[in-house]
Structures are given as C-alpha cells and as structure tokens.
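1. Sequence isn't available, so here's the structure alone:
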Ligand code: CP
C-alpha cells in the first residue's frame with residue numbers, strides 16, 4: 001500500500017480524492033513537528049478535510065477534560081482523531097469513548113508506543129535495502145542497533161515490534177540506567193531482543209545504526225552522570241563513524257539533539273543517513289494508514 005502512495009507523492013500534483021467527505025482531526029497534547037504535520041499533509045493529499053486542535057489555545061487550558069474535549073469535537077462530525085499524549089494509554093482510552101465509526105490513530109503516547117514511527121522506520125529500511133516495490137517487505141538477516149534512552153522511548157518499543165516482525169535481529173544499546181527492567185514481550189514473534197552497553201564493540205557489525213533522541217529532561221534526572229559522559233560513551237562522533245560499515249544505514253526519528261546523541265555536523269551529507277527520507281516516508285505511510293482505515297474504494 002505504501003509503495004502505491006509513494007507513487008502518488010511523486011506526481012506533479014500529489015493529491016487523490018480517496019477520502020473526500022471525510023474529516024480528520026489532529027489532537028496533540030504534546031509538542032510535535034513531524035507526526036502532526038505529516039498526518040495533516042497525508043489527510044490533505046487524500047482530499048480529507050482536516051481540523052487541528054492546539055491544546056495551548058483550547059479550552060483544555062480552562063480545565064476541560066480530555067473526554068469532554070473529544071466528545072465536543074466528535075459532535076462537529078469527525079471520522080478520525082490522531083492523538084498524541086504524554087500519558088501511555090490515552091489513545092486507547094479515547095477509542096472507548098468515541099462512536100464505533102470513528103477511528104483513533106496513536107500519534108505517540110507516553111513511553112508506550114508510536115506505531116506510525118515504527119511503520120515508517122521499517123518502510124525506510126526496506127527501501128534503503130533496495131526492496132522491490134510491491135514485493136514482500138523483509139528485514140530478514142539484518143542487525144539493527146537501537147541506541148539511546150531505550151527505557152523512556154515509545155519509538156524504541158514500536159521499532160522493536162516492527163523490525164522483529166520483519167525478521168531483523170535487534171540489539172538495544174545504552175547505559176544500564178536508560179534500559180527497561182525487562183524487554184520480555186517487546187518483540188511481536190517472541191524473538192529475543194539483546195541488550196548491550198558497549199556501543200564501540202558492536203558498531204562494526206551493525207547493518208543499521210538507529211539513533212534515538214536523548215530528551216533534555218533526562219539530563220536532570222540523575223540517570224546519567226552528565227551529558228558529557230553520555231556523549232563520550234554513546235554519542236555518534238567522527239571516530240565512531242569510522243567504525244561503522246560503509247554500507248550501514250543511519251536513522252534518527254527526530255527531533256535530533258545535535259551535540260548529544262550525534263555530533264553537531266557528523267551526519268550532514270553522510271551517504272548512509274536516511275533521516276530526511278524517514279520524514280518523507282512518514283507522509284506516505286500515514287496516507288496508507290488513513291486510507292486503510294477510512295477509505296472505501298480505490299486510491300487512484
Ligand atoms: N519522530 C517524532 O515523533 O517527531 P515529532 O515529535 O516532531 O512528531
């Protein structure tokens with residue numbers, strides 16, 4: 001499905017009438033650039049009407065509850081809500097409140113899950129490996145290292161689910177204090193997910209170096225001795241870049257903390273970097289997801 005949508009996005013006028021008459025509302029209780037804008041672009045390219053609730057200028061600020069807010073907007077006529085919230089489980093809870101015909105898409109909830117990020121990252125890796133358009137997607141036989149704050153990362157959880165489902169071997173890499181107590185149940189198929197605290201010894205064998213964001217908030221929580229210590233042990237700098245295989249792929253979901261998980265300019269122009277391709281694919285993947293949930297016919 002995403003291959004088909006990628007083709008639409010390459011047209012001079014990247015727009016189809018597939019969701020004409022449908023309304024998609026984005027509700028972001030947490031900040032976002034990529035997820036919010038790409039869902040909105042995706043809905044518009046499928047000709048859906050869009051509504052966007054900005055929490056900072058809404059009646060949430062006057063104390064209105066999430067449930068009252070959702071029910072109010074639903075009463076205006078909405079077919080899908082895209083929800084981001086700082087608390088895990090809020091999109092699931094909202095799905096229990098809305099009418100059956102209304103779809104809820106998780107735009108990232110707490111530490112729990114960021115499903116469309118997992119899908120767009122998988123799509124990008126399959127594409128970078130030269131997967132044939134229309135063929136069965138597979139990450140069979142590749143080794144992905146996810147590096148950073150694994151414990152608090154919804155991206156890590158969704159990436160592990162998606163990558164292992166497609167056959168990849170995944171190793172989680174970071175300091176012990178940023179690892180979850182257990183990774184049991186993280187993979188869809190029960191495959192083992194390895195943990196390592198030694199980035200330098202693993203870098204030469206990774207097919208994919210998947211960097212994660214180190215939120216600035218983490219730095220004040222005594223989980224790492226100092227930001228300098230993290231940069232020294234896990235930051236991607238020129239020395240570490242020289243350890244990476246020439247054909248390895250480097251990803252980052254954004255937003256990037258330059259000078260923390262990656263040295264300021266080390267990835268700019270690097271041939272293995274697919275960071276902006278991840279963003280481009282984010283629109284296509286979200287178009288595919290919206291079409292599969294709300295579309296009734298041919299995408300055309
Ligand atoms: N990757 C990601 O979720 O980025 P945003 O926070 O900008 O949406």
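-> Perfect, thanks for sending it. Note that the structure is a prediction, hence the values are computed from the model and not measured.
2. quick one: low-confidence ranges for the stretch 201-300 of the chain?
-> Per-residue confidence for the stretch 201-300 of the chain (pLDDT under 70) gives these ranges: 217-220, 297.
3. Swap in 80 and give it another go.
-> 215-222, 297-300 (pLDDT under 80).
4. Show me which residues of it sit near the ligand.
-> When proximity is defined as CB under 6 Å from any ligand atom, the stretch 201-300 of the chain approaches the ligand at 253, 254, 255. Every C-beta, even on glycine, is put in place using the N, C-alpha and C of the backbone.
5. Run through the residues that contact residue 16.
-> Residue 16 sits next to 8, 45, 46, 47, 299, 300 when contact means CB atoms under 8 Å, 6 or more residues apart in numbering.
6. make that residue 173, sorry
-> 145, 146, 147, 148, 195, 196, 197, 198, 199, 202, 234.
7. Look at the residue nearest to the fifth one when sequence neighbours are not counted and tell me its secondary structure.
-> Setting aside the residues directly before and after it, residue 195 is nearest to residue 172 in space (CB to CB, 6 or more residues apart in numbering), at 5.0 Å. At residue 172 the chain is in strand, as set by DSSP: H, G, I helix; E, B strand; the rest coil.
8. And the residues of the stretch 201-300 of the chain next to the ligand, which is closest to the ligand?
-> residue 253 (3.9 Å; CB to the nearest ligand atom).
9. can you pull the contacts of residue 237?
-> 231, 263, 266.
10. residue nearest the centroid of this structure?
-> residue 117 (2.0 Å; CA atoms, centre = their mean).
11. That one is in what secondary structure piece?
-> helix 115-128 (DSSP states H and E).
12. What is that helix packed up against?
-> Other helices and strands packing on helix 115-128, by 3 or more CB pairs under 8 Å, 6 or more residues apart in numbering; DSSP states H and E, are helix 34-45, strand 103-109, helix 154-165, strand 249-251, helix 275-294.
13. Go ahead and name everything in contact with the second one.
-> Looking back up the chat, that one is strand 103-109. 26, 28, 30, 32, 35-36, 39, 79-92, 94-95, 98, 113-117, 154, 289-290, 293-294.
14. Which PyMOL command selects the buried ones in those?
-> Typed into PyMOL, the line below selects the buried ones among the contacts of strand 103-109, using 16 or more other CB atoms under 10 Å:
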select buried, resi 26+28+30+32+35+36+39+79+80+81+82+83+84+85+90+91+94+95+98+113+114+115+116+117+154+289+290+294
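15. For this protein, just list every one of the strands.
-> Using DSSP state E, the strands of the chain run over 23-28, 49-54, 80-85, 103-109, 143-147, 169-173, 194-196, 208-211, 249-251.
16. mind putting the ones you listed in JSON lines, distance to residue 224 included?
-> Listed next are these as JSON lines, based on distance: least, CB to CB, whole Å:
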{"stretch": "strand 23-28", "distance to residue 224": "28"}
{"stretch": "strand 49-54", "distance to residue 224": "33"}
{"stretch": "strand 80-85", "distance to residue 224": "26"}
{"stretch": "strand 103-109", "distance to residue 224": "23"}
{"stretch": "strand 143-147", "distance to residue 224": "14"}
{"stretch": "strand 169-173", "distance to residue 224": "14"}
{"stretch": "strand 194-196", "distance to residue 224": "17"}
{"stretch": "strand 208-211", "distance to residue 224": "16"}
{"stretch": "strand 249-251", "distance to residue 224": "22"}
